[in-house]
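Novice: next comes the sequence, and after it the predicted model I'd like to discuss.
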Amino acid sequence: MGIIVVIVTGALMVIGLYWFVWILGPAERQGKRGVNLSGGSIAAEKVQDNYKQYWSFFRHPNEIETSERVPDFVDTFYDLVTDIYEWGWGQSFHFSPSIHGKSHREATRIHEEMAVDLINVKPGDRVLDVGCGVGGPMRAIAAHSRANVVGITINEYQVKRARQHNKKAGLDSFCEVVCGNFLQMPFPDNSFKGAYSIEATCHAPKLEDVYAEIFRVLKPGSLYLSYEWVTTDKYISENAEHVAIIQGIERGDALPGLRSYTDIAEAAAKVGFEILKEQDLAKPPALPWWARLKMGRFAYWRNHILVTVLAAVGIAPKGTVDVHEMLFKTADFLTRGGDTGIFTPMHMILCRKPVTDSTSFDYC
Ligand SMILES: C=C(CC[C@@H](C)[C@H]1CC[C@H]2C3=CC[C@H]4[C@H](C)[C@@H](O)CC[C@]4(C)[C@H]3CC[C@]12C)C(C)C
Ligand SMILES: C[S@@+](CC[C@H](N)C(=O)[O-])C[C@H]1O[C@@H](n2cnc3c(N)ncnc32)[C@H](O)[C@@H]1O
């Protein structure tokens, strides 16, 4: 009898310790804890309703390409997912190629630093981060380049989080965060010496519209780099499995219809950019960007149990379980997109705003 009590007590202590570490401990070494999951700026009791509205809107992404309501629903999406992303992924909301011998964190940073290295900015230059999330890339880029980075995101909650992180990292004098729509940016013409967007412009219903805005605010002669989400040349629109994978990615990531890799340079050229370079960074010899998603599978199950328990006891908002389940399924679609090679989240394009006779005077 005595031995059974000891074993049961020991087992309970181990389980308790496990939950303590995973509930109270942050998933990616820093950032969110499970007990702090929220619905962003949405009141806890409205999270489930907002999730339902989001889901019914994004059920048919191809049919909503022209909808003016897209930015509002993208905003709702980021209220719903921002805490879960930070908790389970970190402060950089994007993928990067895996690198032998380097951690995810290091690989992420290398991918971010490459973006700013390619746009040739100097210390003190004013650079625009289009769709900045909670600012993981912005901080890495400011620290690496000593440029002044201005980030824009449509989501108020992300602005709050990004400013907190900037301050905590001691980078608030280099990093500014603005809440706004990248389709109508609150910046004067010719006001930035460089711009980049990391896995963000895929949310624009029409790529030309956001590219035209970026073109407008850039100084002539300066460079813009983007990592785009696209279907590759392996995607066959008559293949039912391919279509299901792409639809799964669109629905779970608030995308108003994924574009083909051929659309990117076309959109950039249409608004006036010169194309300097275009490359799918996911192609071999790059190691799979989706390896991190695959490796996390066990953690997702654990997170699912955790979120269910936290929602049941009223710590996390009720709809958190639905949102987490949606992300769980999305991770699978993304992995299949990577395995089949029909999708890439890192189709890179590097462009320049040309210097014309009438504008050359502005570039100094
Ligand atoms: C660029 C975009 C976001 C890309 C990624 C940062 C996110 C895409 C899918 C997300 C996740 C899927 C599974 C989640 C898991 C179930 C949970 O337990 C922990 C968080 C996840 C790993 C989450 C993290 C972020 C993503 C990888 C899009 C929106 C354009
Ligand atoms: C997947 S996150 C990437 C964030 C950041 N680039 C990173 O890598 O961490 C996409 C970002 O684009 C922003 N976004 C989407 N649509 C937007 C719009 N219309 N205007 C401004 N920001 C937008 C989202 O709010 C979010 O911050």
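Specialist: Looks like it arrived, so ask away. Just so you know, these numbers come straight off a predicted model, no measurement behind them. Ligands and ions are numbered 1, 2, ... in the order given.

Novice: isn't Val70 right up against Pro205?
Specialist: Yes: counting by C-beta atoms under 8 Å, Val70 touches Pro205, with 4.8 Å between them. C-beta here means a position set from N, CA and C on the backbone, and glycine is covered the same way.

Novice: within range of ligand 1, give me the residues from the stretch 201-350 of the chain.
Specialist: Counting by C-beta under 6 Å from any ligand atom, the residues of the stretch 201-350 of the chain lying close to ligand 1 are 202, 253, 296, 300, 303, 324, 327-328, 330-331, 334.

Novice: would you list these in TSV and tack on pLDDT, secondary structure and neighbour count?
Specialist: Converted to TSV, those look like this (pLDDT from 0 to 100; DSSP: H, G, I helix; E, B strand; the rest coil; neighbours: other C-beta atoms under 10 Å):
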residue	pLDDT	secondary structure	neighbour count
Cys202	98	helix	25
Asp253	98	coil	23
Gly296	86	coil	18
Tyr300	92	helix	15
Asn303	93	helix	21
His324	97	helix	24
Leu327	97	helix	22
Phe328	95	helix	16
Thr330	98	helix	18
Ala331	97	helix	19
Leu334	98	helix	24
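
Novice: can I get those in TSV including distance to Ala147?
Specialist: Written out in TSV, the entries for these read as follows (distance: C-beta to C-beta, whole Å):
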residue	distance to Ala147
Cys202	24
Asp253	29
Gly296	32
Tyr300	36
Asn303	36
His324	36
Leu327	33
Phe328	37
Thr330	33
Ala331	33
Leu334	31
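
Novice: how near is Lys219 to Lys353?
Specialist: Lys219 is 7 Å from Lys353, where distance means C-beta to C-beta, to the nearest Å.

Novice: so between these two, which is more surrounded?
Specialist: Set side by side, Lys219 and Lys353 show more neighbours around Lys353, with 25 against 19, by other C-beta atoms under 10 Å.

Novice: grab the nearest non-local neighbour of the more buried one.
Specialist: Among residues not flanking Lys353 along the chain, Leu218 sits closest, at 4.5 Å (C-beta to C-beta, 6 or more residues apart in numbering).

Novice: pull the contacting residues for that neighbour.
Specialist: Going by C-beta atoms under 8 Å, 6 or more residues apart in numbering, Leu218 touches 128, 190, 192, 194-195, 224, 353.

Novice: so of those residues, which ones are in strands?
Specialist: 128, 192, 194-195, 224 (DSSP state E).

Novice: what distance do you get for the residue in the chain that ligand 1 sits nearest to to Tyr196?
Specialist: At 2.3 Å from ligand 1, Gly88 is the closest residue in the chain, using C-beta to the nearest ligand atom. Distance, Gly88 to Tyr196, using C-beta to C-beta: 25 Å.
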